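Undergrad: Take a look and give me a structure for this.
(2 chains)
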Amino acid sequence: MFKILKKDKSTNARTGILITPHGKILTPAYTIVATHAEIKCLKPQDIAKTNTQVVISNTYHLWNFVPKQLPIYNFKFTNKNKKTFLLNKLGSNMPTMTDSGGFQVFSLGFGKENKVGKILKNGANLRMYANQQIKRQQIKITDKGVFFNIDGQRRFLNPEISMKLQEKLGADIIFAFDECTSPLDDFKYNKKALERTHRWAKKCLSLMANRQSQDKQQMLFGIVQGGRFKSLRVKSAKFIGSLPFDGFGIGGSFGQNEMLKTLKIVIPHLPEEKPRHLLGIGKIRDVFNAVENGVDSFDCVIPTREARHGRIYTRHGHYNISKNRNKNISLEKGCKCPACKLNISRSKLNALFKADLPRAQRFATLHNVWFFNNLMKNIRASIDRGSFKTFKKKFLSGI
RNA sequence: GGGAUUAUGGUGUAACGGUUAGCACAGCACUCUGUGGAAGUGCGGGCGAGAGUUCAAUUCUCUCUAAUCCCC
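TA: Prediction:
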């Protein structure tokens, strides 16, 4: 269940509360990525210390770990000490999401084969790739589903299998199985892929409808696609938005500097009263822009991945720990994160990155995850007191 | 004192009588957006010294120097 608590007057930002069987999520919320049902480098008992509200895991990556005989999780048992497969693995009791595996259609196949990210980089443009032969050899996409052939491992994923797996995993919020296209794909391909994604969306919905008569608590989010094409984005938002999903994901790839434009044309077509999740986005500037346009949650690997690579986030921007070898000062002045509470200084953490990498990465991850969660808390507070725009301007000018 | 072996960037190493001496780690810079990511890309930096053979020597020979080991 989702309830909007406060709407910002001058923007589309809003605060809300998303109630799940495993707890509530105050929105806008940052969803921390736990692909394999663990936040990399963190122990289960660390998670609570980071004020993480919700975590997202991945159906494709957990596939191997899901026992064949595992029954579909029944949320009626939630409060009787029975934990979902996901929560057992995570070792922590909290709201969870699972991605359907749709993104792996892009990242494992196209993205890897063509060395392209889902967002075209600055300086990169379509002309750069104009003469490049687009490869799709490791995955085959048909209307029936997607064949993966990754390093000799053959797999097949379709709406039925994705839904079944996600039901077994037992996340509170699950996503429809979609096809994430590449920023290099043309209009024609995107149109075809979009129609397929829309058919799959209806399929996922009907599969879940049967089950939800017994247990209505696992929420299903549909995903808006359409690539870089305005007309397709609008079409998708209208179509997906008209279906009885519990919430909506905005996914796919974006051209350079196009994400904000995409949000502005997509969100007005989504039902106001339902939650919106921006998939895979989470740089600080993007967070503010997304919230400003009415996004309630997003997830991104940036806080965790970059922590492992030594990048530390602060409200004055980010820095690399390796450039702070002689600075015997805190990671961030006045920071109340679990690492800073232990007086981990910059020089100390830099030394740890050489002497004991896993421990260093744990502290860096603790800091960054806490930082992003705290940022969201401050954003929520600013919306509640009607000063989101001021807060955004002030924060962004400081980084 | 006698003998043996070795000598290649900051460190550990590879190859070779002939274009630009390869790799790993460390260093520096940059990158990271539904995590194949303790990752990736780029940059800087080297043939112990001297002589000889040769069209050509980091490579072969000799001397020196240094290190390691063995013998007395």
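
Undergrad: Which elements pack onto the host helix or strand of A:Leu62?
TA: Following DSSP states H and E, the helix or strand that holds A:Leu62 is helix A:59-62. Secondary structure elements in contact with helix A:59-62, counted by 3 or more Cβ pairs under 8 Å, 6 or more residues apart in numbering; DSSP states H and E, are strand A:96-99, helix A:159-169. In short, each C-beta sits where N, CA and C put it, glycine included.

Undergrad: Any idea how many residues pack against the closest residue to A:Gly282 other than its chain neighbours?
TA: Setting aside the residues directly before and after it, A:Gly282 is nearest to A:Cys300 in space (Cβ to Cβ, 6 or more residues apart in numbering), at 2.4 Å. Neighbouring residues of A:Cys300 were enumerated by other Cβ atoms under 10 Å; the total is 22.

Undergrad: In chain A, what residue comes closest to RNA strand B?
TA: Residue of chain A nearest RNA strand B, by Cβ to the nearest atom of the strand: A:Gly280 (1.9 Å).

Undergrad: you'd agree that residue is up against A:Gln104?
TA: No - checked against Cβ atoms under 8 Å, the pair A:Gly280 and A:Gln104 is beyond contact range at 11.8 Å.

Undergrad: Averaged pLDDT, whatever helix or strand comes next after the helix holding A:Leu62. What do you get?
TA: Past helix A:59-62, heading to the C-terminal end, the next element that is a helix or strand (DSSP H and E) is helix A:85-90. The predicted model assigns helix A:85-90 a mean pLDDT of 94.

Undergrad: elements contacting helix A:85-90?
TA: Judged by 3+ Cβ pairs under 8 Å, 6+ apart, helix A:85-90 is in contact with strand A:54-58, strand A:96-99, helix A:159-169.

Undergrad: Can you tell me what sits against it?
TA: Contacts of helix A:85-90 from elsewhere in the structure, counted by Cβ atoms under 8 Å, 6 or more residues apart in numbering, are A:22, A:34, A:36-38, A:44, A:47, A:55, A:57, A:62, A:65-66, A:70, A:73, A:93-94, A:96, A:98, A:168-171.

Undergrad: still on that earlier bit, of all the helices and strands packed on helix A:59-62, which one is nearest A:Asp151?
TA: With Cβ to Cβ as the measure, helix A:159-169 is the member of those nearest A:Asp151 (20.1 Å).

Undergrad: returning to what we had before: would you mind putting the helices and strands packed on helix A:59-62 into a markdown table with mean neighbour count and mean pLDDT alongside?
TA: As requested, those are arranged in a markdown table below (neighbours: other Cβ atoms under 10 Å; pLDDT from 0 to 100):
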| stretch | mean neighbour count | mean pLDDT |
| --- | --- | --- |
| strand A:96-99 | 28 | 97 |
| helix A:159-169 | 23 | 95 |
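
Undergrad: Include distance to A:Ile223 when you put these into CSV, please.
TA: Written out in CSV, the entries for the helices and strands packed on helix A:59-62 read as follows (distance: least, Cβ to Cβ, whole Å):
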stretch, distance to A:Ile223
strand A:96-99, 10
helix A:159-169, 12
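
Undergrad: Tell me which of these lies nearest to A:Gly310.
TA: Between A:Gly310 and the helices and strands packed on helix A:59-62, the shortest gap by Cβ to Cβ is with strand A:96-99, which sits at 26.7 Å.

Undergrad: Pull the contacting residues for the closest residue to A:Met219 other than its chain neighbours.
TA: Counting by Cβ to Cβ, 6+ apart, A:Met219 lies nearest to A:Asp246, which is 3.8 Å off, once chain neighbours are set aside. A:Asp246 is in contact with A:2, A:173, A:219-221, A:274-275, counting by Cβ under 8 Å, 6+ apart.

Undergrad: what's the answer for A:Ile47, then?
TA: Counting by Cβ under 8 Å, 6+ apart, A:Ile47 touches A:39, A:55, A:90-92, A:94.

Undergrad: Could you identify the buried members of those residues?
TA: A residue is treated as buried here by neighbour count (16 or more other Cβ atoms under 10 Å); on that basis the buried members of the contacts of A:Ile47 are A:39, A:55, A:90, A:92, A:94.

Undergrad: What lies in contact with stretch A:260-277?
TA: For stretch A:260-277, the external contacting residues (Cβ under 8 Å, 6+ apart) are A:2, A:4, A:12, A:16, A:18, A:27, A:31, A:97, A:173, A:221, A:224, A:226, A:230, A:233-234, A:236-238, A:240-241, A:245-250, A:254, A:278, A:289-290, A:293-299.

Undergrad: Tell me which residue of chain A is furthest from the middle?
TA: Most distant residue from the mean C-alpha position of chain A: A:Asn326, 35.7 Å away (Cα atoms, centre = their mean).

Undergrad: Parallel or antiparallel, list what pairs with the one helix or strand A:Ile19 maps to.
TA: For A:Ile19, the element it lies in under DSSP H and E is strand A:14-20. Strands that pair with strand A:14-20, judged by DSSP bridges, come out as strand A:2-7 (antiparallel), strand A:23-27 (antiparallel).

Undergrad: tell me which residues of it are tucked away?
TA: Within strand A:14-20, the residues that qualify as buried are A:14-18, A:20, counting by 16+ other Cβ under 10 Å.

Undergrad: Is it correct that the residue nearest to A:Gly282 is in contact with A:Leu279?
TA: No - applying Cβ under 8 Å as the test, A:Cys300 and A:Leu279 come out as separate, 9.1 Å apart.

Undergrad: Reduced to three states, what does A:Val116 come out as?
TA: Three-state secondary structure (criterion: DSSP: H, G, I helix; E, B strand; the rest coil) places A:Val116 in coil.

Undergrad: Done for today, thanks.
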